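>>> Coordinates for the following, if possible.
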Amino acid sequence: MTTVLAPVEGAAVELAAVPDPVFSAGMVGPGAAIDPLREPGKAVAPIAGKIMKLHPHAYVIVGDDGRGVLVHLGIDTVQLKGEGFELLAAEGDRVGAGQPVVAWDPAAIEAGGRSPVCAVVALDADAAAVRGVAPGSVRAGEELFRWL
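Prediction:
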């Protein structure tokens, strides 16, 4: 079992609530999402492992067990080309669960007309493998869901 931590503080919501059909339909994989607090903060690693992909708006961390977790900060944020995001780690780095990876400001994302909702996806997982999605508010680094 893998415990996946919340990368940001906010309200945990079902992945189906993400305003993007690729995430809401589970095409990328099962998981959860967080409607973040509208204040500057740091997005942290949801699991311990190696940063396999790192873009300003999204990152994938793969644990020693081969399981990968995608964190996508906001919807359509790739269009910002990194503006409003600050990388705090590098692709290839090993990180501990809860270690800061990207600094960002959800309020600025929203002010630009985009949703700041963060998808947290268990890559290549069966839908039934994601359990115990945290109800209500979560802090960065707290358990978001379990991957059985």
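>>> Please name the residues that touch the nearest residue to Asp76 once chain neighbours are set aside.
Computed as Cβ to Cβ, 6 or more residues apart in numbering, the closest residue to Asp76 that is not its neighbour in sequence is Arg114, at 5.1 Å. Where C-beta positions appear, they are placed from N, C-alpha and C, glycine not excepted. By Cβ atoms under 8 Å, 6 or more residues apart in numbering, the residues touching Arg114 are Gly74, Ile75, Asp76, Thr77, Gln79, Leu80.
>>> where does the last one fall, phi/psi-wise?
Which is Leu80. Torsion angles at Leu80 (phi, psi; degrees, to the nearest 10) stand at phi -80, psi -10.
>>> do the first one as well
Backbone torsions of Gly74, given as degrees, to the nearest 10, read phi 80, psi 170.
>>> Now do the lengthiest helix in the chain: which elements does it pack against?
What stands out as the longest helix in the chain, according to DSSP state H, is helix 106-111. On a contact count with 3 or more Cβ pairs under 8 Å, 6 or more residues apart in numbering; DSSP states H and E, helix 106-111 meets no helix or strand.
>>> Contacts for it, please.
8, 10, 36-41, 73-74, 77, 80, 84, 115-116.
>>> Show me what the mean pLDDT comes to for it.
Predicted confidence along helix 106-111 averages 95 (mean pLDDT).
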